[in-house]
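Novice: heads up, no residue letters with this:
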């Protein structure tokens, strides 16, 4: 049964609906694999096995009765511990919520459960989702399944590691500053950061009283082993909830083109203000060459009318505020000093409004850019997965890139540049470095044209002969 653990969620769900695979057998496979492999990577931090077994048996009984079932029927899944799960401990990685058991699900979790998924566990993250690595006082550190000495990224690092290692059917991650994109890149899985506002963000734990409002910049996105799963999960999760659902609904436009030859692809793979690892860049460039050879119209010089330094700095300021809700003031000041010279994070509302106004102007520049181009390709961050750095702070940690010591905060500019503009991003696995470390890229689409970003990411991976591969030690 281990092979089925690595199937795409869409294939697993189809097999369950057809009676070719039982939900209970798939659940037991994942529970066995968690028991065998999780001590090595420490991705899954809470289990609800008994409740999941009962739900799996009920799911199988429904299939046997020929009942109509949802698109995720019977799929056993883990959920990032930043999202509330009814009846299952949900901590946000913080000691203050060590015993927190919510009575209701986060909105996105409720959607996947309503579609038939069965939540059997929670995955690790940094405290209040506030780091580029995944560790906390409650559960310790999560390791990258491709290299245990390296980070799976943050903040959805436990989620990415669990998907990559075949411990779950799929995952839900959150992303304010790159927290779906970076772990997907580091672990070699498919990830999608939806357009801001497309998937409801209620139930996200960023403080003791978190979850009641939607955090600025924050999105909840699917993390999976197949691009088809991204489309499937986006269909399930997108749309308004609560009072907004009385009047609004979502109808996402299809991909802009049916033929690859019609796609206009802008490529921005490096910048003097934030240079990236040369081997990683070369691997991405080879994938872009393959895309061009397959027929896409590729432009390596086109840029939006956006100043990289200003937009990324503004993005990091907005991200820092959005992630500071659960922090004491002294930590806020510390982070402010570390964020590439960002201004203090404690802002007057007037200051935030001024920055939001400037963001709106930058978003208009992106919208204009996407009248001439369909997607932009740019790095997720400056490096493949780096070695664990638990000691120190954002201000004191350093990363080595091409033999140069770089500030830890340099992880953020490329993801901040895109996230601050609310744009959708798909991260396809494109291959691995000589050290065996996965590499991805941001496939950035126009606002609310998530289907275009997903479709071009699919075509890019196909042209490169790439995609998800199970890490050797977990097959």
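Specialist: Happy to help now that I have it. A quick note: this is a predicted structure, and the numbers were derived from the prediction, not measured. Numbering: from 1, shown residues only.
Novice: contacts, neighbours, all on C-alpha from now
Specialist: Noted.
Novice: Show me the shaky parts of the stretch 301-450 of the chain.
Specialist: 326-348 (pLDDT under 70).
Novice: mind running it again at 50?
Specialist: Along the stretch 301-450 of the chain, the parts satisfying pLDDT under 50 run over 341-345.
Novice: just the helices in it please.
Specialist: 308-322, 329-338, 349-369, 413-419, 450-464 (DSSP state H, counting those that start in this stretch).
Novice: out of those helices, nearest to residue 286?
Specialist: helix 450-464 (7.6 Å; Cα to Cα).
Novice: Which elements pack onto that closest one?
Specialist: helix 227-237, helix 278-293, strand 375-378, strand 425-427, strand 442-444 (3 or more Cα pairs under 8 Å, 6 or more residues apart in numbering; DSSP states H and E).
Novice: Can you say which of the helices of the stretch 301-450 of the chain is packed in most?
Specialist: Neighbour counts (mean count of other Cα atoms under 10 Å) averaged over each of the helices of the stretch 301-450 of the chain peak at helix 413-419, with a mean of 26.
Novice: For the stretch 151-300 of the chain, which segments count as helices?
Specialist: Going by DSSP H, counting those that start in this stretch, the stretch 151-300 of the chain shows helices at 157-164, 181-187, 227-237, 278-293.
Novice: wouldn't residue 444 be in contact with residue 373 here?
Specialist: No. The criterion here is Cα atoms under 8 Å, and residue 444 misses it with residue 373 at 10.6 Å.
Novice: These two: who's more crowded?
Specialist: Legend: neighbour count by other Cα atoms under 10 Å for residue 444 and residue 373, higher for residue 444 (28 against 21).
Novice: buried set for stretch 84-98?
Specialist: The neighbour-count check on stretch 84-98 (16 or more other Cα atoms under 10 Å) flags 84-86, 88-94, 97 as buried.
Novice: Also stretch 107-119?
Specialist: Across stretch 107-119, burial judged by 16+ other Cα under 10 Å covers 107-119.
Novice: Just the mean pLDDT for it, thanks.
Specialist: In this model, stretch 107-119 has a mean pLDDT of 98.
Novice: next one: stretch 186-194
Specialist: Regarding stretch 186-194, the rounded mean pLDDT is 98.
Novice: before we move on, what about stretch 259-267?
Specialist: The model assigns stretch 259-267 a mean pLDDT of 98.
Novice: same deal with stretch 60-71?
Specialist: Mean predicted confidence for stretch 60-71 is 98.
Novice: List of residues touching it?
Specialist: The contact list for stretch 60-71 (Cα atoms under 8 Å, 6 or more residues apart in numbering) reads 13, 16-17, 19, 22-24, 74, 114-116.
Novice: Now for these: which two are most distant?
Specialist: 19 and 114, at 20.0 Å, using Cα to Cα across the contacts of stretch 60-71.
Novice: Contacts only, for residue 398.
Specialist: With Cα under 8 Å, 6+ apart, residue 398 has these contacts: 405-408.
Novice: Neighbour count and distance to residue 315 for the residues you listed - can I get that in CSV?
Specialist: Shown next, in CSV, are the contacts of residue 398 (neighbours: other Cα atoms under 10 Å; distance: Cα to Cα, whole Å):
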residue, neighbour count, distance to residue 315
405, 11, 23
406, 16, 19
407, 17, 17
408, 20, 16
